[in-house]
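Trainee: What follows is a protein structure lacking sequence information:
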């Protein structure tokens, strides 16, 4: 395998993260900002799965195979990725609930029009 194929998942994770950060920095809508934050979170999924990947690896189930005979993927990283998905969904739901409350109180989701939040 070439060096690019080993680095490619990490480059994809960085690109997805930077795309989310760019959207977050240029957002003029709170709902769009929450979506961009979710895109940033998706970069962590790619990163965790890239860390746990093994060439030729199989599922870490040892019912029919003796341990050490074949490479297996790391189950801890898979569990962390699943936990990351759950935490990301929870954070997104909480932020969207806050955006709904801001829209009810102020009548807008444009951050520039929220005068009470200015310092």
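Mentor: Perfect, I can see it now. Note that this is a predicted model, so its numbers are computed, not measured.
Trainee: contacts, neighbours, all on C-alpha from now
Mentor: Fine.
Trainee: Please list the residues outside stretch 106-119 that contact it.
Mentor: 28, 29, 30, 31, 99, 102, 103 (C-alpha atoms under 8 Å, 6 or more residues apart in numbering).
Trainee: Enumerate the positions of the longest helix anywhere in the chain that are buried.
Mentor: In the chain, taking DSSP state H as the definition, the longest helix is helix 75-106. Under the neighbour-count criterion of 16 or more other C-alpha atoms under 10 Å, helix 75-106 has 77-78, 81, 84-85, 88, 91-92, 95-96, 99-100, 102 buried.
Trainee: Please produce a markdown table containing the residues you listed, extended by distance to residue 3.
Mentor: A markdown table is the format used below for those (distance: C-alpha to C-alpha, whole Å):
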| residue | distance to residue 3 |
| --- | --- |
| 77 | 22 |
| 78 | 24 |
| 81 | 25 |
| 84 | 28 |
| 85 | 29 |
| 88 | 31 |
| 91 | 36 |
| 92 | 36 |
| 95 | 39 |
| 96 | 41 |
| 99 | 44 |
| 100 | 47 |
| 102 | 48 |
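Trainee: Run through the strands of the protein in chain order.
Mentor: With strands called from DSSP state E, the chain shows none.
Trainee: what stretches of it score poorly on pLDDT?
Mentor: By pLDDT under 70, the weakly predicted segments of the chain are 1, 65, 116-119.
Trainee: at 50 what do you get?
Mentor: Judged against pLDDT under 50, the chain has no low-scoring part.
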